[in-house]
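Novice: Got a predicted model here, sequence first, then my questions.
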Amino acid sequence: MDQNASLILGKLAAVLALVFANGFFVAAEFSLVGVRRSRIDELVANGRAGAGLLRRTVDNLDANLAATQLGVTISSLGLGWIGEPALARLIDPAFGSLGSLAATAAHAVAIAIAFFIITVFHIVLGELAPKSFALQLPERTALRIVRPLSLFLALFKPFIFLLNGLSNIVVRSCGFEPGNAESRLHSTEELKLLVAASRDAGLVQQAQQDVVERAFGMGERRVRTIMTPRHDIYWIDANASTELMLQGVRGSRHEQVVVAKGTLDRVVGVLRKQDLLDSYLDRKLALDAHDGAVEHLQSLMREPLVVHDGATVLQVLDTFRNRPIQMALIVDEYGALRGVVTQTDLLEALAGEIVDDGELDVLKREDGSFLVDATMAIHDAFDQLGIAKVPDDHGEYRTMAGFILRRLGHVPVEGEQFEWDTDGDVRRFEVVDLDGHRIDKVIVSAANTMPVAGAARAATPPFPCREPATSGRVTPANPTFACSDGALRARSAVPCTIR
């Protein structure tokens, strides 16, 4: 083998090495961008070799990405400088039979063929294949490239530092902050989309997705939306006999009971059921005791935890974690008791409604409609009804009844109904039972069906169509009727549609 052939073979070996180097730097770039920081921390905790170096590399991502770009640039320039002439000289003899007149044309063809071959090798082996490997296996790829990349960064650090500094100047001149870690973080909505994608891929169950979405909402959801309202509080009178107290705690579904003197405006504390029962069984309280009972109760009662009704569910949860108490009193800005919240209420805010024995807030009927308890929390009601999202003004009320009153703008009569549109999902809400002026039961059905309970009385009496006190508009489903701002118009059996 002559010296010329050895030189050509050496250059071809250099071409393969440069293609491999280009692929290495491409794989390094995409693996460092694609590897998850949480997974790196897990590998470090498990003592995986190279995980610590990988974490430091990701922490200094800008400099390492600059190193990969420098490596790709050097490799690409080297391929053009060495590879194309070497391949052209190797191909030239194949065109020797064309004669001296065609020598120039033959050399041009050889150059073109060499350029094509180098380009194919560069794109396929130096770009596409390494990128695919890095995107599919970012963790494994990153662990393998991190040590050689760190060595390359150390060798070319001054030059990389200069290039990175110039790049930062350009970025700042455009009004951005280089190396801003916040741009790589996920917003709450992005995290929800990631969880939904994981559910679609079968990696996360629907129940897990629901818990995650509720957890994100706990920081904005007000405690008044999950509390037991004042009129539903079971409480005992501190001046009552032991027998009446036992009857009172028997009716409460909570572990702790509110104790007040004559009225809920004079709350004196909270009492554990178990403490009252133990005192009675230990004969410290007689069944008909009055004298001395109050003093003994005071020794059993605990100071109530008082929370403002504007506090978020997450804030109340933090308070519960720091104090050994299971119930909190919810008061308004005037100090008046509005309701109570328990640990169970907080759990339901995260996990969803937990049905007690004999309690069913949403009942599916034979015609496909739902009978809903109007005192049910609006978040839980919409969740069980399969309605995608609660209204934007949900912070101004907490129950299904509040939602209906907000939409209608007046106290309804039995049989009154309206339609609500949530991104094309139109539902009909019909009031079917009132307890005085309080909405007790509601039937919810698809807008294109008429529930059995409402079909017979939908036409009478004529119900007013009123502009609600929220943003939006009200239009009757029957176009012959019009609802103008502030005007009341009698409507037909076809309900109003609220959008």
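Specialist: Ah, there it is.
Novice: can we go C-alpha only for contacts and neighbour counts from here?
Specialist: Will do.
Novice: Contact partners for A21?
Specialist: By Cα atoms under 8 Å, 6 or more residues apart in numbering, the contact list for A21 reads 71-72, 75, 126.
Novice: Find the helix or strand that I439 is a member of.
Specialist: strand 438-446 (DSSP states H and E).
Novice: Please put the alpha-carbon coordinates of that strand into CSV.
Specialist: The C-alpha trace of strand 438-446 is given here as CSV (Å, rounded to 0.1, in the frame of the first residue of the first chain):
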residue,chain,number,x,y,z
ARG,A,438,-85.0,26.8,50.3
ILE,A,439,-84.3,24.7,47.2
ASP,A,440,-84.2,21.1,48.3
LYS,A,441,-84.1,18.9,45.2
VAL,A,442,-83.1,19.5,41.6
ILE,A,443,-83.4,17.3,38.5
VAL,A,444,-80.5,17.6,36.0
SER,A,445,-80.8,16.2,32.5
ALA,A,446,-79.4,16.6,29.0
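Novice: Show me what that strand packs onto, helices and strands only.
Specialist: strand 370-373, helix 400-408, strand 425-435 (3 or more Cα pairs under 8 Å, 6 or more residues apart in numbering; DSSP states H and E).
Novice: Count residues in the vicinity of G10, would you?
Specialist: 12 (other Cα atoms under 10 Å).
Novice: just to revisit the earlier point, so which of the helices and strands packed on strand 438-446 comes closest to G47?
Specialist: strand 425-435 (51.2 Å; Cα to Cα).
Novice: Residues in contact with the closest one: which ones?
Specialist: 387, 404, 412-421, 439-447, 453-454.
Novice: residue ranges with poor pLDDT in this protein?
Specialist: 1-5, 92-107, 179-185, 251, 282-297, 354-360, 449-499 (pLDDT under 70).
Novice: most centrally placed residue in it?
Specialist: K192 (3.5 Å; Cα atoms, centre = their mean).
Novice: CA atoms of the host helix or strand of it as CSV?
Specialist: Assigned by DSSP H and E, K192 belongs to helix 188-200. This file holds the C-alpha atoms of helix 188-200, laid out as CSV (Å, rounded to 0.1, in the frame of the first residue of the first chain):
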residue,chain,number,x,y,z
THR,A,188,-50.6,24.1,36.9
GLU,A,189,-52.5,23.8,33.7
GLU,A,190,-49.5,22.1,32.0
LEU,A,191,-49.2,19.7,34.8
LYS,A,192,-52.9,18.8,34.5
LEU,A,193,-52.3,18.2,30.8
LEU,A,194,-49.3,15.9,31.6
VAL,A,195,-51.4,13.9,34.0
ALA,A,196,-54.2,13.6,31.5
ALA,A,197,-51.7,12.4,28.9
SER,A,198,-50.4,9.8,31.4
ARG,A,199,-53.9,8.7,32.0
ASP,A,200,-54.5,8.3,28.2
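Novice: Just the buried positions in it, please.
Specialist: 192, 195-196, 199 (16 or more other Cα atoms under 10 Å).
Novice: about what we covered before: what inclination does the strand holding I439 have with respect to strand 425-435?
Specialist: 150 degrees (axes from the mean of the first three to the mean of the last three Cα atoms, to 10 degrees).
Novice: Strand 438-446 to helix 400-408, inter-axis angle?
Specialist: Using the same axes, to 10 degrees: strand 438-446 against helix 400-408 is 80 degrees.
Novice: sorry, back to before: run through who's touching the next helix or strand after the helix holding K192.
Specialist: Sequence-wise, the next helix or strand downstream of helix 188-200 (DSSP H and E) is helix 206-217. Applying Cα under 8 Å, 6+ apart, the contact partners of helix 206-217 are 188, 192, 195-196, 199, 349-352.
Novice: All the strands of the stretch 101-250 of the chain, residue numbers only.
Specialist: 228-229, 235-237 (DSSP state E, counting those that start in this stretch).
Novice: Can you check which of these gets nearest to D332?
Specialist: So among the strands of the stretch 101-250 of the chain, strand 228-229 is nearest, using Cα to Cα, at 12.1 Å.
Novice: returning to that earlier point: could you single out the most deeply buried of the strands of the stretch 101-250 of the chain?
Specialist: strand 235-237 (a mean of 22; mean count of other Cα atoms under 10 Å).
Novice: and that strand, what other elements does it pack with?
Specialist: helix 242-250, strand 256-260.
Novice: possible to save the ones you listed as JSON lines with mean neighbour count and distance to Q326?
Specialist: Shown next, in JSON lines, are these (neighbours: other Cα atoms under 10 Å; distance: least, Cα to Cα, whole Å):
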{"stretch": "helix 242-250", "mean neighbour count": "17", "distance to Q326": "15"}
{"stretch": "strand 256-260", "mean neighbour count": "24", "distance to Q326": "7"}
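Novice: Make TSV out of the ones you listed and add distance to Y334.
Specialist: Putting those into TSV (distance: least, Cα to Cα, whole Å) gives the following:
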stretch	distance to Y334
helix 242-250	28
strand 256-260	18
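Novice: Identify the residues contacting T312.
Specialist: Taking Cα under 8 Å, 6+ apart, one finds 218-223 in contact with T312.
Novice: what's the nearest residue to it if we skip its chain neighbours?
Specialist: R222 (4.3 Å; Cα to Cα, 6 or more residues apart in numbering).
Novice: Near that neighbour, how many other residues are there?
Specialist: Neighbour tally, R222, other Cα under 10 Å: 24.
Novice: Repeat that for V306.
Specialist: Around V306 there are 14 residues (other Cα under 10 Å).
Novice: Most neighbours among the contacts of A21, which one?
Specialist: Result: G126 is most packed of the contacts of A21 (other Cα under 10 Å), 26 neighbours.
Novice: Spell out which helix or strand contains the nearest residue to that residue once chain neighbours are set aside, please.
Specialist: The shortest distance from G126 to any non-neighbouring residue, by Cα to Cα, 6+ apart, is to G23 (4.0 Å). If you go by DSSP H and E, G23 is part of helix 3-34.
Novice: Which elements pack onto the helix or strand following that helix?
Specialist: Sequence order places helix 37-45 as the next helix or strand after helix 3-34, per DSSP H and E. Applying 3+ Cα pairs under 8 Å, 6+ apart, one finds that helix 37-45 contacts helix 51-59.
Novice: Show me how far the helix it packs on is from its chain's centre.
Specialist: With Cα atoms, centre = their mean, to the nearest Å as the basis, helix 51-59 stands 28 Å off its chain's centre.
Novice: okay, the helix or strand that it is followed by in CSV with CA atoms only?
Specialist: Next along the chain after helix 51-59, taking DSSP H and E as the criterion, comes helix 61-78. Taking C-alpha atoms only, helix 61-78 is exported to CSV below (Å, rounded to 0.1, in the frame of the first residue of the first chain):
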residue,chain,number,x,y,z
LEU,A,61,-27.2,23.4,31.5
ASP,A,62,-26.4,26.5,29.5
ALA,A,63,-22.6,25.9,29.5
ASN,A,64,-23.0,22.2,28.7
LEU,A,65,-25.4,22.9,25.8
ALA,A,66,-22.8,25.5,24.5
ALA,A,67,-20.3,22.7,24.7
THR,A,68,-22.5,20.4,22.6
GLN,A,69,-23.0,23.1,20.0
LEU,A,70,-19.3,23.7,19.8
GLY,A,71,-18.7,20.0,19.3
VAL,A,72,-21.4,19.7,16.6
THR,A,73,-19.9,22.7,14.8
ILE,A,74,-16.3,21.4,14.9
SER,A,75,-17.4,18.0,13.7
SER,A,76,-19.5,19.4,10.9
LEU,A,77,-16.6,21.7,9.7
GLY,A,78,-14.2,18.8,9.9
